[in-house]
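Participant: Sequence plus predicted model, see below.
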Amino acid sequence: MTLSLTRPDTGIDMDSPYERMRFYLREIGQGPRTGRDLTREEARDVMQIVLTQQCTRAQLGGFLMLQRFKGESPDELWGFAEAVRSRANLIHPKVEGLLDIGSPYDGRKKSIVVSPASSIVASAAGVPVVMHGERDMGPKHGVPIGDVLGELGIDVDSTLEDVVASIEEIGLGYMRSERFVPDVFALKEVREEVALRMVFATIEKIYNLADADYSIIGLTHLPYMEKMMKAATSMGFKRIMIVQGIEGNEDVPTSRASRVFEWSGGEPREWRLEPSEYALQPATKEEMAGGDAAHNAGIATAIFDGKHGAYRDLVLLNAGLRIYLAERAGTIEDGIGKAKEAIDSGAARAKLNALRERASS
């Protein structure tokens, strides 16, 4: 559907995506004094043009860069996400209380990746989990969660039907961008050329392709929190947690406090997560240093095999946070206790084995 703009005196052919894109570029590109944010409807329309690539390469690059430097408004993020969802392959697993992990698709380079291990433990404690991402994404080209899951022997290139079955039968599934949002994946080369994080990096964290009830999202720049939270609350979640985690990801450290923004209707609540309150061993700078996907997978398997220490406590804290967020525990301390039980009882190892067996079948 073509958007009806309230500018009949412009002479713009509003049936032409090319002309509409020119209009949008002029509206947002006039600078801080005369430029403006797009409305939600305009944002949805312009993202439809981007996703269908009905604009020139110059228009596409110009739009992405202007949005990068202008900064997206909550309504723009909402409209952009709606456009992506309208062209995505959505799934609706028949589970109660699904938790969506909003991890950056371009991964991380400077620190270890414990989100896969923490999510497996949370799943073993009764929280159904959906993770999503893509391989070798710029501009960072770090280690993404999918690569770690792959090294653990989990299928990270499943069909829509297989992801649904994995979530329903085992309690965890991974959605690859190329299969679920092919229009966004088709812009991978453009994102590489621009060499800066684009609006897609935010949308990917919040677009809720699996009809989840809960979401945990990582954030680097605190001024962006309000925008991201307002957009995320429009994606169908009932409870959202945004954390200022490790390298701006959804994993929180054990060596310092983290700011947390929690929403379950109404206004978000801000609080500080103090790991020192839970008798956890802080991970040192050396232990937190990054490694390849195999290194991160090795940390997970060692924990599931019974190894204690700072890595285990890091996973316990993050699994406990997920269990608490998904309302399977009344407090974070109770969530950590359930995470310990899931590891010590062998349930986490059994969960990993079940995921591996499904991948090999």
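Facilitator: Perfect, thanks for sending it.

Participant: CA atoms of stretch 277-292 as CSV?
Facilitator: Taking Å, rounded to 0.1, in the frame of the first residue of the first chain, the C-alpha atoms of stretch 277-292 are listed here in CSV:
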residue,chain,number,x,y,z
GLU,A,277,25.2,-9.7,46.5
TYR,A,278,25.1,-13.3,45.2
ALA,A,279,28.5,-14.7,46.4
LEU,A,280,29.7,-15.2,42.9
GLN,A,281,33.4,-15.3,41.9
PRO,A,282,34.2,-12.3,39.7
ALA,A,283,35.7,-13.1,36.3
THR,A,284,39.1,-11.4,35.8
LYS,A,285,40.0,-9.3,32.8
GLU,A,286,42.0,-12.2,31.5
GLU,A,287,39.1,-14.6,31.9
MET,A,288,36.8,-12.2,30.1
ALA,A,289,39.1,-11.8,27.1
GLY,A,290,37.6,-12.9,23.8
GLY,A,291,38.3,-16.0,21.8
ASP,A,292,36.9,-17.7,18.8
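
Participant: domain assignment for this structure?
Facilitator: Domain assignment of the chain by automatic domain parsing yields the ranges 8-86, 99-360.

Participant: Minimum distance to residue 92: which of those has it?
Facilitator: Distance to residue 92, taken as C-beta to C-beta, is lowest for domain 99-360 among the domains of the chain, at 4.7 Å. No exception for glycine: its C-beta is placed from N, CA and C like everyone else's.

Participant: so what's the backbone phi/psi at the most centrally placed residue in the chain?
Facilitator: Computing the C-alpha centroid of the chain and ranking residues by C-alpha atoms, centre = their mean puts residue 102 first, at 2.0 Å. The phi and psi values for residue 102, taken as degrees, to the nearest 10, are phi -90, psi 80.

Participant: so it touches residue 212, yeah?
Facilitator: No: using C-beta atoms under 8 Å, residue 102 and residue 212 do not qualify as a contacting pair, with a distance of 9.8 Å.

Participant: so what's residue 242 up against?
Facilitator: 216-219, 225, 228-229, 232, 260-262, 268 (C-beta atoms under 8 Å, 6 or more residues apart in numbering).

Participant: no, scratch that, I was asking about residue 87
Facilitator: 48, 51-52, 181, 183.

Participant: what's the closest of these to residue 107?
Facilitator: The nearest one, if we look at the contacts of residue 87 relative to residue 107 and count by C-beta to C-beta, is residue 181, at 17.5 Å.

Participant: My understanding was that that closest one contacts residue 208; is that so?
Facilitator: No: look at residue 181 against residue 208 with C-beta under 8 Å: they stay out of range, at 11.9 Å.

Participant: If you count surrounding residues, which of the two has more?
Facilitator: Remark: of residue 181 and residue 208, residue 181 carries more neighbours, 26 against 23, as counted by other C-beta atoms under 10 Å.

Participant: which SSE is residue 348 in?
Facilitator: Here residue 348, judged by DSSP states H and E, is contained in helix 347-360.

Participant: Show the average pLDDT along that helix.
Facilitator: For helix 347-360, mean pLDDT rounds to 97.

Participant: now that helix: how far from the chain's centre is it?
Facilitator: How far helix 347-360 lies from its chain's middle: 23 Å, per C-alpha atoms, centre = their mean, to the nearest Å.

Participant: Which strands or helices does it pack on?
Facilitator: helix 115-124, helix 160-169, helix 293-304, helix 332-344 (3 or more C-beta pairs under 8 Å, 6 or more residues apart in numbering; DSSP states H and E).

Participant: Apply 6 Å and report the result again.
Facilitator: helix 115-124, helix 293-304 (3 or more C-beta pairs under 6 Å, 6 or more residues apart in numbering; DSSP states H and E).

Participant: now the angle between helix 293-304 and the shortest one, please.
Facilitator: Calculated by axes from the mean of the first three to the mean of the last three C-alpha atoms, to 10 degrees, helix 115-124 forms an angle of 30 degrees with helix 293-304.

Participant: which residues touch helix 115-124?
Facilitator: Applying C-beta atoms under 6 Å, 6 or more residues apart in numbering, the contact partners of helix 115-124 are 101, 103, 129, 145, 148-149, 171-172, 250-251, 300, 315, 318-319, 322-323, 339, 342, 347-348, 351-352.

Participant: what packs against the helix or strand following it?
Facilitator: Next along the chain after helix 115-124, taking DSSP H and E as the criterion, comes strand 129-133. In terms of contacts (3+ C-beta pairs under 6 Å, 6+ apart), strand 129-133 is packed against strand 99-102, helix 145-151, strand 172-176.

Participant: Understood, closing this out.
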